[in-house]
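# sequence? don't have it. structure:
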């Protein structure tokens with residue numbers, strides 16, 4: 001099953017925890033119980049121009065959660081980009097594709113989308 005479909009079908013924190021590879025209790029604890037002061041390690045780094053920069057680095061469990069979530073969202077974005085590139089190749093308008101798909105998870109409302117990496121524009 002695709003990452004986007006899994007995420008769209010998730011209805012509870014247990015579903016999201018499963019997708020991210022966490023136990024439900026562990027995910028709930030990190031998100032809702034653990035105080036912010038325990039989620040991050042704070043330290044100072046001196047600046048070249050003087051003064052200090054305060055850094056708040058995530059602790060290991062939060063860092064793992066952030067990494068897995070980032071990977072999942074990147075997979076979802078990749079799937080969406082594949083769909084958009086298929087539209088470009090087929091020279092179909094976005095509006096005609098949306099009209100033909102009742103279960104489409106997203107709606108594009110702008111008149112054009114610029115894909116910077118590929119220098120393409122949908123109109």
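Yes, it's here. Keep in mind that this is a model prediction, so the values were computed, not measured.
# if I've got this straight, residue 43 is in a helix?
No - if the criterion is DSSP: H, G, I helix; E, B strand; the rest coil, then residue 43 is strand and not within a helix.
# how about it, what does it touch?
54-55, 57 (CB atoms under 8 Å, 6 or more residues apart in numbering). For the C-beta atoms, the positions are set from N, CA and C on the backbone; glycine is no exception.
# bridging residues for it?
Counting by DSSP bridges, residue 43 is bridged to residue 55.
# how about stretch 61-77: buried residues?
61-62, 64-65, 72, 76 (16 or more other CB atoms under 10 Å).
# what pLDDT, on average, does it get?
Taken as a whole, stretch 61-77 has an average pLDDT of 94.
# okay, now the nearest residue to residue 65 once chain neighbours are set aside: neighbour count?
Residue nearest to residue 65 in three dimensions, not counting chain neighbours: residue 30, with 5.8 Å by CB to CB, 6 or more residues apart in numbering. Neighbourhood size, residue 30 [other CB atoms under 10 Å]: 19.
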